[in-house]
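In: coords below, sequence missing:
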């Protein structure tokens, strides 16, 4: 019996280890752990619980947006208007909320709906005008953001509703650490985890989610198989808009002001995170988990090099290196796999 | 007739004044394997689209499906009547599993918002049972060979309640063993009462599988025949309107020093101890099935993969061929098997494809393309090889297979290589275009070029080579003077292991 049990344990371990080293996510996970250990070796406060929860909290804005962008990329498209959508819905929502007494839920709902509407404009252009997604979102990004700057005379807001920044300190659970600081799981982290779970379930179990994979794999075949392409496109671009709006509220809660340019800067980091997470830019392949890991990796590089006393100019260089090397290894592995298969098949 | 599943009468179709089909009749009996044959461009695809309800026929046509006359057959009607078309591109999702690819139509049809994986697997298993195939349900489709992908597509059409499966040139990208298997599957479908309309132009397959044959030529029906009453000669005559015959080639090509010699060339896992000589003016066949190492050998000669050991002598001088430019500098040309993927830029114009290998010779003074010279060059090749194209600026993907193959050939011929390797030069093209490609090959050999033709079509090897080698599992197992071999003899030798 103990023999059987140990064999079984070994099998489980092997399967686990196999997944860890073979799948892109596993590989990325190992990379993140390794990176954390290195940083911790230089600055031992890095892996403190306090810091870990803080990273999970502040990376949640990137995480929420990245999941939306992941869905678009999965369908074989690309969205570069989501930062503009976030910026506009952030401004409009806060502006409206300042007029009366609202609450956190209303703020998130309002920003989400505004973002979704703008996403639907993208969907109309992509689906009915049959324009390439890059061109559409390049155009709408410019229109949304430019429109904000032109129409809002002062596109900065320095007083935001107090309940919003109250929200940024809300925890799902917390305790007081030995140092006296309050440590715990931020509600913002809960939001991104909930969004991740929801997205995963939609993609895996619903007809519309399978349609996203199908369009990404073979758009023509998806049409012929009878998928409702219009509905799926509206879902995709509406969803990324919605999540951009939600993320913009997380951002306001964290930084406590509205700025028309700050969010625009994270565009490339988020697309990079999605790609780093193993999502194929050609569409059809990728996972929510990989995307979150990609976000974590990029976020860590951006925010921890300084702890190792490396000048922040090196952020971008290292982010770039990580993307090129890790996707390169991934692609190389696929090529090897394919040629190996060919030999067996023949 | 009462037991006709599908009956078309007097079907014509005109596109912008051009008659693609004129007064075609076709009746398909319940449970038979019916072959629809004809050269490329004879109207086969148009006819399929009319049956599928994708294109409406011109007025005057009658379409009867299982006794019911359809005035306006729409795509959805055709599907609801159990007609499923398997197009050449298969319309599969490479990123999804076998189970999902098979069951996808089912869950769309059921309009359930939530998808159950268990139901998906059950649907797929049921379909596989009906088709009598077994595939691993959890592998993704891009990991399967084309042959297996076809099986997935067949299973999927079963889930849509197919009574009649129309297969559009299903064998054009399969090796011989896979073709055999596909034909077995079709026979199995026939036993279960499912009708197949097999569209193609490979005569041996038609004779192997079809109960009846309908022939189209230039948009006209040439009649429907019991397969047993036809023979290949007669069928070719019906398809082309004239017999194509070739004088056998003499044993030896022109005398002279070998222009290419391989000595014990080996690349681990791909081919072993390959020795051969090629003389000027000779067409040397390499007969081998998919996976015999034939293509890998060609790639090594052409500098795309380096052999582990052995020697390559070009005109008596040992050479190291490390890259494609090396091979080209030595006068070696290669027309790949998958010309669509490897040999052409499909979205680019005929003109651009023609000049890409000779760009340097067409440069003007400033190092820019000399457009007058380029145009003249392109015109001369289009007329010399008889490439049928609307214009030099049409994208290559709009051309028929035979014409695409001609573009590939001319690309290489302009460099006037001394050694030309043709890998499956007539795969997927029709009888007439095939004859023309063979004619071009013979002309080139007549001018002193040495040609290596890799093929698994026995007829082609037996009719158009001086000598040939048999390749199996990476080794050369026999060498024959072509004159001494019959087609059946070769076929037997090729298929026995």
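Out: Perfect, I can see it now. Source: prediction; values computed, not measured.

In: so where do the helices sit in the stretch 101-250 of chain A?
Out: Under the criterion DSSP state H, counting those that start in this stretch, the stretch 101-250 of chain A contains helices at A:104-128, A:133-151, A:162-167, A:187-205, A:207-217, A:219-225, A:229-255.

In: which secondary structure element contains residue 84?
Out: I went with chain A, as the question did not name one. helix A:82-97 (DSSP states H and E).

In: Actually, chain B is the one I wanted.
Out: strand B:83-86.

In: what's that strand packed up against?
Out: helix B:44-51, helix B:146-159, strand B:164-168 (3 or more CB pairs under 8 Å, 6 or more residues apart in numbering or on different chains; DSSP states H and E). All C-beta spots, glycine's among them, are computed from the backbone N, C-alpha and C.

In: quick one: the next helix-or-strand element following that strand to helix A:207-217, angle?
Out: For strand B:83-86, the following helix or strand on the C-terminal side (DSSP H and E) is helix B:98-109. Interaxial angle, helix B:98-109 versus helix A:207-217 (axes from the mean of the first three to the mean of the last three CA atoms, to 10 degrees): 130 degrees.

In: Helix or strand next in line after helix B:98-109, which one?
Out: Counting by DSSP H and E, what follows helix B:98-109 is helix B:117-131.

In: What mean pLDDT does that next one get?
Out: For helix B:117-131, the mean per-residue pLDDT is 91.

In: Nearest the middle, which residue of chain A would you pick?
Out: residue A:66 (1.9 Å; CA atoms, centre = their mean).

In: Just the element for it, please.
Out: helix A:60-74.

In: the inter-axis angle of that helix versus helix A:133-151?
Out: 140 degrees.

In: Helix A:104-128 and helix A:60-74, what's the angle between them?
Out: Going by the same axes, to 10 degrees, helix A:60-74 makes 20 degrees with helix A:104-128.

In: So what angle separates the directions of helix A:60-74 and helix A:82-97?
Out: 130 degrees.

In: Who are the contact partners of the residue nearest to residue A:243 when sequence neighbours are not counted?
Out: Counting by CB to CB, 6 or more residues apart in numbering or on different chains, residue A:68 is the residue found nearest to residue A:243 once chain neighbours are left out, at 3.6 Å. The contact partners of residue A:68, taken as CB atoms under 8 Å, 6 or more residues apart in numbering or on different chains, are A:79, A:82, A:239, A:240, A:241, A:242, A:243, A:244.

In: What's the mean pLDDT across stretch B:68-78?
Out: pLDDT averaged over stretch B:68-78 gives 87.

In: contacting residues around that stretch?
Out: B:50, B:51, B:52, B:53, B:54, B:56, B:62, B:63, B:64, B:65.

In: Which of the residues you listed fall in helices?
Out: Mapping those onto helices (DSSP state H) picks out B:50, B:51.

In: Restrict the contacts of stretch B:68-78 to the buried ones and give me that as a ChimeraX selection.
Out: Filtering those down to the buried ones (16 or more other CB atoms under 10 Å in any protein chain shown) takes a single ChimeraX command:
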select /B:50,51,52,53,63,65
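
In: Lowest pLDDT pick from the contacts of stretch B:68-78?
Out: residue B:54 (84).

In: Pick out the residue of the stretch 51-200 of chain A closest to chain B.
Out: Closest residue of the stretch 51-200 of chain A to chain B, CB to the nearest CB: residue A:74 (9.4 Å).

In: Report the contact partners of that residue.
Out: By CB under 8 Å, 6+ apart, the neighbours of residue A:74 are A:203, A:212, A:213, A:216, A:279, A:283, A:284, A:285, A:286.

In: Quick check: the farthest pair among the residues you listed?
Out: Distance extremes for those: the farthest pair is A:203 and A:283 at 13.1 Å, using CB to CB.

In: Tell me the backbone dihedrals of the residue in the stretch 201-350 of chain B positioned nearest to chain A, please.
Out: For the stretch 201-350 of chain B, the residue closest to chain A is residue B:291, as judged by CB to the nearest CB, at 2.9 Å. In terms of degrees, to the nearest 10, the main-chain angles of residue B:291 are phi 90, psi 0.

In: residues near residue B:485, how many?
Out: 19 (other CB atoms under 10 Å in any protein chain shown).

In: how far is the strand holding residue B:84 from where the chain is centred?
Out: 20 Å (CA atoms, centre = their mean, to the nearest Å).

In: returning to what we had before: mind checking which of the helices of the stretch 101-250 of chain A is nearest residue A:290?
Out: Here helix A:187-205 is closest among the helices of the stretch 101-250 of chain A (CB to CB), at 11.0 Å.

In: Identify all contacting residues around the closest one.
Out: A:53, A:56-57, A:60-61, A:63-64, A:67, A:70-71, A:74, A:167-168, A:170-172, A:208-210, A:212-213, A:239, A:243, A:246, A:250, A:253-254, A:288-289, A:292, B:114-115.
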